[in-house]
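**Student:** Give me a 3D structure for the following:
(one chain, ligands or ions: 1)
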Amino acid sequence: MLLSVPLSERIPGVDIDNIQMADRIPPGETSLIMKLAFSLRIWMYKAYPPTKHGLPQIVDDINVAMKQAYTKYYRKVYPAPKLPEEFHHAAIPDLGRMAVASPYACFLHKDVNGALVWDFTDLDLHETYAELRPLGCKVYFKLNKEDRTLSATRITSVLGDISSDDSRWRDAVLTAMCAASTQISLVNHFNGVHLSCGGPLSIATRNHLYRDHPLCRLMWPHMFGTQNSNYLVTKGQMLKGGDFETIFSFTHRGMCGLFERTYDSYKASVIVPDLDWTDRGLPDDDFDTPVQDNQRALYDVMYAHTSRYIHAYYDSDEALQWDEAVQAWIRALNERLPNGVDSILEGKITRKSVARLCAGFIYMASVQHEALGSLMWNYQMWVDKNPVRIHVSGKRIPVDVFQRLLNANFNLNVNRAKLMQDLSYFALDEKGRAVFLQFLEDLKALERVYAAEKPECWRVTPAMLDANINA
Ligand SMILES: [Fe+2]
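**Tutor:** Prediction:
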């Protein structure tokens with residue numbers, strides 16, 4: 001039985017008490033090579049820090065800066081970042097377009113006054129470095145009914161209340177892009193996917209679904225390795241001198257406060273695109289929503305899979321409700337995920353609600369992890385349009401911060417087990433095998449649909465997806 005312990009206890013030096021982690025790495029997940037590699041990396045941070053105060057800023061031309069940092073040795077392993085179409089021509093990104101066609105589409109919601117906004121105001125609750133611009137800001141969008149688009153009209157931030165015709169609009173937009181980039185990496189990706197959802201899912205599954213339980217076989221490919229990976233990656237990113245405090249704007253104390261606050265407000269509804277859309281108060285068909293459409297299509301394939309699978313093993317809702325392992329698993333998920341999973345189950349254990357939840361977990365481990373993590377390679381590196389920190393002096397970021405940003409994003413694109421593979425060896429029997437194989441066929445069919453369309457940096461396709469969140 002894995003126990004949950006506070007992060008501060010599991011990893012001394014990261015003073016966060018409310019985030020829970022497994023008390024140990026379960027047998028079978030430990031990798032000596034990975035452990036040694038991470039230990040060496042963390043030792044190197046201390047012995048030879050990769051960032052040093054006072055280094056020169058990157059050169060003015062971002063393409064030259066990219067060539068200098070992303071050398072031919074890196075390029076042999078992984079292609080250089082692509083420039084999103086939204087960054088091609090304009091001096092600054094069109095936030096209205098970014099709100100529906102970029103990884104930052106996840107931030108769009110209606111505020112209490114009914115305005116369509118991105119709201120990063122709360123980032124000001126946490127300490128940032130004195131030489132950097134604070135990130136708290138709010139972007140207001142207006143709906144253009146005729147062409148079904150959005151336009152950003154106003155941004156409030158430390159710079160003031162600035163409308164789109166103001167000469168300071170560029171600075172306001174860059175502040176919003178920096179806030180979005182920071183929030184997606186720290187809050188949505190690492191705190192949300194890894195710590196709030198992935199970790200608790202793995203603990204609950206290991207503790208309550210025995211090895212030959214049908215739901216264990218369904219979930220296993222999407223959670224195996226989580227405790228090992230979360231433990232090592234948290235150390236590498238969140239200890240003093242780690243990636244987060246040296247790349248983004250928050251001091252170590254500020255970063256810990258941000259994680260502490262946002263862990264408690266995590267909502268599991270984000271793992272079900274339709275529910276998330278409703279939860280954000282967004283209208284059904286007022287404007288074009290390319291990212292949302294993409295995410296719905298992927299989720300639908302996952303839901304069809306989990307629905308087929310659960311119907312194969314349970315011939316009635318009662319049969320599922322009487323399964324004590326399922327009851328215990330759901331109880332543990334409700335206890336361990338901040339704010340539980342009842343928003344997805346709507347308080348009822350049925351084949352439909354559990355299929356929705358299981359599809360949400362597969363979607364979280366594959367689609368969300370890609371959209372909020374690896375996909376940032378093509379956005380976060382273009383720091384002229386999407387700054388990772390903003391110096392109040394007007395200087396560009398120093399070469400060491402740029403290099404570390406690049407290395408951190410490069411690590412997110414290492415080769416992992418792909419989702420689009422034959423997972424039928426996890427099946428208990430022939431009927432399970434057939435369901436896993438059908439899932440693979442459905443993923444391939446969706447991939448063919450996307451292969452026929454114009455490539456877009458914001459689009460996630462089945463072939464890009466990994467089976468789980470683990471390094
Ligand atoms: Fe990740």
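
**Student:** Flag the shaky bits of this protein, pLDDT-wise.
**Tutor:** Applying pLDDT under 70 to the chain flags the ranges 471.

**Student:** run the last query once more with 80
**Tutor:** For the chain, the stretches with pLDDT under 80 are 30-35, 37-39, 41-52, 89-90, 414, 471.

**Student:** mind checking the longest helix of it?
**Tutor:** Assignment by DSSP state H gives helix 290-313 as the longest helix of the chain.

**Student:** Flag every buried residue along that helix.
**Tutor:** Within helix 290-313, the residues that count as buried by 16 or more other CB atoms under 10 Å are 291-292, 294-295, 297-310, 312-313. All C-beta atoms are positioned from the backbone trio N, CA, C, and that covers glycine.

**Student:** try stretch 428-447
**Tutor:** 428, 432-433, 435-436, 439-440, 442-443, 446.

**Student:** again, but for stretch 207-217
**Tutor:** 207-209, 213-217.

**Student:** And the strands in this structure?
**Tutor:** 4-6, 20-22, 109-110, 116-119, 137-144, 149-157, 160-163 (DSSP state E).

**Student:** Can you redo the ones you listed as CSV, where the extra columns are distance to Glu370 and mean neighbour count?
**Tutor:** Compiled in CSV, the strands of the chain are given as follows (distance: least, CB to CB, whole Å; neighbours: other CB atoms under 10 Å):
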stretch, distance to Glu370, mean neighbour count
strand 4-6, 27, 16
strand 20-22, 23, 24
strand 109-110, 22, 14
strand 116-119, 21, 22
strand 137-144, 25, 20
strand 149-157, 24, 20
strand 160-163, 33, 14
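
**Student:** And the nearest residue to Met238 once chain neighbours are set aside, how close does it get to Asn409?
**Tutor:** The spatially closest residue to Met238, leaving aside those adjacent along the chain, is Val14, at 4.8 Å (CB to CB, 6 or more residues apart in numbering). Separation of Val14 from Asn409 (CB to CB, to the nearest Å) stands at 22 Å.

**Student:** quick one: which of the buried residues of stretch 428-447 is nearest Thr149?
**Tutor:** For those, the residue nearest Thr149 by CB to CB is Leu446; the value is 26.0 Å.

**Student:** Please look at the closest one and Val301 and confirm they touch.
**Tutor:** Yes - under the criterion of CB atoms under 8 Å, Leu446 lies in contact with Val301, with a separation of 5.6 Å.

**Student:** what's the overlap in contacts for the two?
**Tutor:** Pro462 (CB atoms under 8 Å, 6 or more residues apart in numbering).

**Student:** can you pull the contacts of Asp171?
**Tutor:** Contacts of Asp171 were listed using CB under 8 Å, 6+ apart, and they are 159, 162.

**Student:** actually Leu298, sorry about that
**Tutor:** 363, 366-367, 446, 460, 462, 465.

**Student:** again, but for Asn294
**Tutor:** With contacts taken as CB under 8 Å, 6+ apart, Asn294 has the following neighbours: 458-460.

**Student:** what distance separates the start and the end of stretch 92-101?
**Tutor:** Stretch 92-101 has its terminal residues 15 Å apart, counting by CA to CA, to the nearest Å.

**Student:** Give me the contacts around that stretch.
**Tutor:** By CB under 8 Å, 6+ apart, the residues outside stretch 92-101 that reach it are 86-87, 102, 104-105, 107-108, 116, 118, 139, 141, 149-152, 169-170, 173-174, 176-177, 180, 287-292, 385-386, 456, 458.

**Student:** distance between it and the chain's centre?
**Tutor:** If you compare the mean C-alpha spot of stretch 92-101 with that of the full chain, they lie 19 Å apart, counting by CA atoms, centre = their mean, to the nearest Å.

**Student:** do stretch 228-241 as well
**Tutor:** From the chain centre to the centre of stretch 228-241 is a distance of 16 Å (CA atoms, centre = their mean).
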